[in-house]
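**Student:** Quick one, structure for this:
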Amino acid sequence: MGYATKPLSNRIAVVFDFDETLIPDDSFDILLKDCQLDLEAFERDRVEPLVKQGWHKYLARTYCLIQESRQREGKDKITYERLANLGKKVRPIEGVPEMFDCLRQKARELVPEVEVEYYLISGGFVDIARNTSIAKHFTQMWGCELAYEQNGEIQFLKQQMTHTEKTHYLYYLSKGIDAENEQDLIYNYRDIPIEELHVPLNQTIYVGDGTSDIPCFTAINQYEGIAFGIFPEHSSAEKWEHREKVTNSQQITNLVPAHYGEDSELMRSLILAIECMCKQILLLQLSVGE
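**Tutor:** Coordinates of the predicted model:
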């Protein structure tokens with residue numbers, strides 16, 4: 001009988017960005033439209049002047065929203081209820097609702113005891129994502145967190161999600177969702193025994209649509225997970241945002257249209273990635289023996 005020298009984990013994590021990855025639009029733009037605000041004018045006249053003064057773009061956007069809300073009356077203010085209602089109205093990209101059970105079923109056909117967990121790491125306001133019809137499928141959803149007044153009106157940004165901060169949450173989900181307060185985890189991750197991990201990053205699949213996801217692509221590649229880049233169906237791979245600036249460490253396994261239909265290239269890619277990881281688990285199970 002053989003024995004494995006690598007610890008065995010029966011978990012696979014599938015991690016998604018949100019805006020233009022699971023939904024066709026940017027959730028910040030959806031919020032501005034709901035407030036009857038002109039997208040280009042809001043960015044040009046309110047946000048950009050602050051950015052030029054040294055503000056971080058996420059903080060500048062939120063500050064401008066707070067100022068806008070304070071000028072409004074009654075039910076027209078920007079509140080948690082407003083964000084939640086937007087989440088309920090958002091329609092995911094075609095095929096997304098069916099994808100979750102499909103990938104779980106494909107995994108269990110190969111390894112009956114395998115657990116496929118879904119996570120969301122978004123640069124958008126996570127309260128919109130948490131109120132969508134697909135939120136129930138996620139083990140955890142992380143993003144920009146807002147603080148609210150007693151009347152529900154937005155008060156301030158209590159947690160932002162910059163490009164590099166997204167990678168912190170890859171380490172958090174790998175260690176376990178209770179590790180959010182272990183802020184030094186990213187510095188000692190390499191020294192954590194694999195058997196102590198909730199799910200190893202080499203059994204993690206990451207799906208994102210552009211620049212904000214590039215640091216996560218790097219982390220996933222470092223630990224031999226699988227990363228996919230996607231672009232809108234009406235666009236093309238050649239127009240993928242900042243594609244020419246992606247370095248070797250940031251490369252992705254496949255770049256495909258954002259369509260989750262049964263026969264789409266994206267679903268075929270996700271299924272192959274799940275099967276690849278399941279077969280690695282099967283190999284380790286053989287080594288462990290009965």
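**Student:** Helices of the chain, residue ranges please.
**Tutor:** 27-34, 39-42, 48-52, 57-70, 80-89, 96-110, 126-129, 165-175, 185-188, 214-222, 265-288 (DSSP state H).
**Student:** Could you measure from the closest residue to V114 other than its chain neighbours over to N202?
**Tutor:** Residue nearest to V114 in three dimensions, not counting chain neighbours: A107, with 4.7 Å by CB to CB, 6 or more residues apart in numbering. In short, each C-beta sits where N, CA and C put it, glycine included. Remark: distance between A107 and N202 (CB to CB, to the nearest Å) = 16 Å.
**Student:** re earlier: nearest to F228, of the helices of the chain?
**Tutor:** Smallest distance to F228 across the helices of the chain (CB to CB): 5.8 Å, for helix 265-288.
**Student:** Let me know the angle separating that closest one from helix 96-110.
**Tutor:** Helix 265-288 runs at 30 degrees relative to helix 96-110, counting by axes from the mean of the first three to the mean of the last three CA atoms, to 10 degrees.
**Student:** about what we covered before: least reliable of the helices of the chain going by mean pLDDT?
**Tutor:** Among these, helix 185-188 carries the lowest mean pLDDT, a mean of 67.
**Student:** who's more crowded, A107 and N202?
**Tutor:** A107 (23 against 17; other CB atoms under 10 Å).
**Student:** give the contact list for the more buried one.
**Tutor:** Applying CB atoms under 8 Å, 6 or more residues apart in numbering, one finds that A107 lies in contact with 12, 114, 116, 274, 278.
**Student:** Now do the contacts for the first one.
**Tutor:** The contact partners of I12, taken as CB under 8 Å, 6+ apart, are 107, 114-117, 199, 203-205, 274, 277-278.
**Student:** Show me the beta-bridge partners of it.
**Tutor:** V116 (DSSP bridges).
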